[in-house]
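Colleague: Below are the sequence and a predicted model for it; my questions follow.
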Amino acid sequence: METLNKFFSLLKTDIRKRMLTGLLLILPIYVTFFVVKFLFSFIGGTLSPLIKKMFLLFGAELPKTSVDEFIITFIGLIFTFASLYFIGIFAANIIGKSIIHYFENLLTKTPVISNIYSSVKQIVHAISLPGKQAFKRVVILDFPKEGMKSIGFVTGTLKENGKDKYISVFIPTTPNPTTGFLVFTREDDVIDTNLTVEVAFKTLLSGGVLTPKQFATILKTPTDTTTPSENNNPS
C-alpha cells in the first residue's frame, strides 16, 4: 500500500511538472498570437468597408466565408501600409506641407478639437522623434504610500526661475503598463536604478516574476549592512 501511495505521489508530481512545462511553452505563443491577431484585425479592418464597396462597384460578390473575410482584411492591411507610405511622400513635398499646415491651423482654431489634437500631436512627437525618449530613466519611489516602492519612469522636469524644481514620473500599473499614474515629485524623493526601460517593462508585465537581481540590491535600505558573502556563509 505504501509503495502504491508513493507511486501515485510521484505520478502526480510528474503530471504537474509536465503540465507546467507545457503551459510555460504555450502561454507566450498564445498571447503573441492574439496580440498579432488583434493588430491584424484592427489595422486591416480599418479599410475593409471601403474594399467591400470596391468589390460591389466592380460587380464582385461580398465575402461569405471566414477565408473571404481574411482575404479582405489582408488586402486592407496592405492598403493601410501603402496609404501611410504615400501620405509620408505627400507630406514631404512643398504642396503637401502647405495643405497639411492649412488643416493643422484649422484644427488648432477649432474649440475642443484643438486641445485634443495638440495633446495627441505632442505625445506622438515626444515618442517618435529621433534623439528624444519619452521615458528618460527608470526610478523607484514611495507609491502609493510611504514605505511601498513602485517602479516609475521619469518623463520630464518642471523648472521654476530657470532651476529644476520637480520631475514628472509615470507609474505604470501591472500587468497592463499602458495605464498608470502621473506624479510630480522632487528629485531627492526618487532613487535612480541601472535598469533599462525594456527590463523595467518586463518586470511590470510579469508581475515581478522577472525582477532582475540588481533591482533587488537597489531596494536595500542604508541600514542593511549585510554583504552578499555574509549571506552565503552558513550559520
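Modeller: Cool, got the structure.
Colleague: ok, the nearest residue to residue 41 once chain neighbours are set aside to residue 83 distance?
Modeller: In space, and not counting its chain neighbours, residue 41 is closest to residue 73: 6.3 Å by CB to CB, 6 or more residues apart in numbering. Any C-beta I mention is one placed from the backbone N, CA and C, and that applies to glycine too. According to CB to CB, to the nearest Å, residue 73 stands 15 Å off from residue 83.
Colleague: neighbour-wise, which of these two wins?
Modeller: The neighbour comparison of residue 73 against residue 83 (other CB atoms under 10 Å) goes to residue 73, with 20 against 12.
Colleague: Okay, buried residues for whichever strand or helix holds the more buried one please.
Modeller: For residue 73, the host element (DSSP states H and E) is helix 66-92. Buried residues in helix 66-92, counted by 16 or more other CB atoms under 10 Å: 69, 72-73, 75-77, 79-80.
Colleague: and which of those residues is nearest to residue 108?
Modeller: residue 80 (26.5 Å; CB to CB).
Colleague: Could you double-check that the closest one lies in contact with residue 43?
Modeller: Yes - assessed by CB atoms under 8 Å, residue 80 is found in contact with residue 43 at 5.3 Å.
Colleague: What segments of this protein are strands?
Modeller: For the chain, applying DSSP state E gives strands covering 137-142, 149-160, 163-172, 180-185, 190-192.
Colleague: Residue 77 versus residue 190, what's the distance?
Modeller: Taken as CB to CB, the span from residue 190 to residue 77 is 42 Å.
Colleague: Please apply the same query to residue 19.
Modeller: For residue 19, the distance to residue 77 - CB to CB - is 36 Å.
Colleague: and the chain, what are its domains?
Modeller: 1-92, 137-220 (automatic domain parsing).
Colleague: Deepest-packed of these, please.
Modeller: domain 137-220 (a mean of 14; mean count of other CB atoms under 10 Å).
Colleague: quick one: it to chain centroid distance?
Modeller: 15 Å (CA atoms, centre = their mean, to the nearest Å).
Colleague: tell me the mean pLDDT over that domain?
Modeller: Domain 137-220 comes out with an average pLDDT of 82.
Colleague: again with stretch 41-52
Modeller: Across stretch 41-52, pLDDT averages out at 74.
Colleague: Just the residues contacting that stretch, thanks.
Modeller: 62-63, 72-77, 79-80, 83 (CB atoms under 8 Å, 6 or more residues apart in numbering).
Colleague: Looking at those residues, which has the smallest pLDDT value?
Modeller: Least confident of the contacts of stretch 41-52 in the model: residue 63, at 63.
Colleague: in the chain, which residue is closest to the centre?
Modeller: residue 178 (5.5 Å; CA atoms, centre = their mean).
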